[in-house]
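S.K.: here is the input, now give the coordinates:
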Amino acid sequence: MIRITDSIAIDESELTEDFVRSSGPGGQNVNKLSTAVQLRFDVRRSPSLPNDVAIRLMRLAGSRLTKDGVIVITAQRHRTQERNRQDARDRLVALIQEAAVVPIKRRPTKPTRAAREKRIESKKRRGSIKGLRRVKPAFE
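M.R.: Numbering: from 1, shown residues only. Below you'll find the predicted structure:
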């Protein structure tokens, strides 16, 4: 089990890992080792995630989400398969943790009358300061 929050944990059997060849330079290892990891997590069919978290997760995933509701995370930062595997899992956990946070709606408020008057007064003061900088035409 991979612990996400106090109330959410996903089973490792829900994750699918494919190992592919990394792009970029690799020296003598370039044609032999498959060190990059493609981690797949099916959000729609996961019994571990509450519905609201799954919806927020799919919205957060963006281009990493397939049409079938599967998140694909590719990790190829490191030179070893194990470190890339851990990196992909850490990134998935961070994404789910971000989705698990319930957003707080902003309650729209109006500025008070005193605040509006103070703002207008400061704008008038600033305008008069700028007006003093103006050069008066000589022939008026």
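S.K.: which residues in this structure form strands?
M.R.: Assigned by DSSP state E, the strands in the chain fall at 2-3, 9-10, 15-20, 36-42, 70-75.
S.K.: ok, Asp68 to Glu98 distance?
M.R.: 22 Å (C-beta to C-beta, to the nearest Å). For every residue, glycine as well, the C-beta is placed using N, CA and C.
S.K.: now do Lys105: how many residues are near it, please.
M.R.: The tally of other residues near Lys105 (other C-beta atoms under 10 Å) stands at 6.
S.K.: give me the number of residues near Ala9?
M.R.: Counted by other C-beta under 10 Å, the residues lying close to Ala9 total 11.
S.K.: distance of it relative to Ser48?
M.R.: Relative to Ser48, Ala9 is positioned 6 Å away (C-beta to C-beta).
S.K.: try Arg77
M.R.: Taken as C-beta to C-beta, the span from Arg77 to Ser48 is 27 Å.
S.K.: done for today, thanks.
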